[in-house]
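Chemist: build me a structure from this.
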Amino acid sequence: MSTTAKSQNSAKTSSLMEVCSVRLGQTWFGVPIVHILEIVGSARSQPVPLAPEYVGGLVHYRGDVLTTVSLRHLLGLPPKDGSQDILVLESVNGCFGLLVDLVGEVLTVSSADYEPNPSILDQRRKALFAGAYKLKDKLLVMLDSERLDPLRLGLHSAN
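Modeler: Down below sits the predicted model:
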C-alpha cells in the first residue's frame, strides 16, 4: 500500500470531535461541547463563606443559583481580578459553572492529533486533564468535565 493510500485510510478512521476552547493565562484548554449547556460571558460570582477553596462562588443562572468551580484554583494559579467567563456544564449531579479567563472558539479536533497525558504530569493535573490535541498554532489541553464537578471534587478532597 502506498504512503498516500495509508494516510488517506488513517484519515478516514480518525474521528472528529467539537470542543470549546477556553484560555487560562497563556494556556488553551478544551471542553467537549456535548457537556456544555451555555456560555455565560463576563459574570462576577459571589463568594461563599466557608466553602472549599475550589468553589469560585455562586452566580444567578436562569432563576436559579449555580455553584462555580475556579479552574485557576484547581491548577494552582493566582486568582484573577474582575469578572470571568463561565461555562455552564452538565453533570450527573446537575449543572455547575466553570470559571475561565476567556472563552475562545469552537474547534473541530481529530483523534489523529490526540496525545495522552505525559507520565511526568503531576497527580493534580492528571486528575483533571484528558490528554491534549496538537493543533497548527497551539496545544489544546483537554479537560475532563466530569472530574470538575464540585460534588466529585468534594469527595476527592475529603479523602
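Chemist: quick check: which ranges of the chain have low pLDDT?
Modeler: Counting by pLDDT under 70, the chain shows low-confidence ranges at 1-13, 155-159.
Chemist: chain neighbours aside, what residue packs nearest to Val19?
Modeler: Nearest in space to Val19, with sequence neighbours left out and distances taken as Cβ to Cβ, 6 or more residues apart in numbering, is Gly30 at 3.8 Å. Every C-beta, even on glycine, is put in place using the N, C-alpha and C of the backbone.
Chemist: so that neighbour is in which element?
Modeler: strand 27-32 (DSSP states H and E).
Chemist: which elements pack onto that strand?
Modeler: Other elements packing on strand 27-32 under the criterion 3 or more Cβ pairs under 8 Å, 6 or more residues apart in numbering; DSSP states H and E are strand 16-24, strand 102-110, strand 139-143.
Chemist: from Gly57, how far out is the residue nearest to Val19?
Modeler: 24 Å (Cβ to Cβ, to the nearest Å).
Chemist: for Asp81, same thing?
Modeler: According to Cβ to Cβ, Asp81 stands 14 Å off from Gly57.
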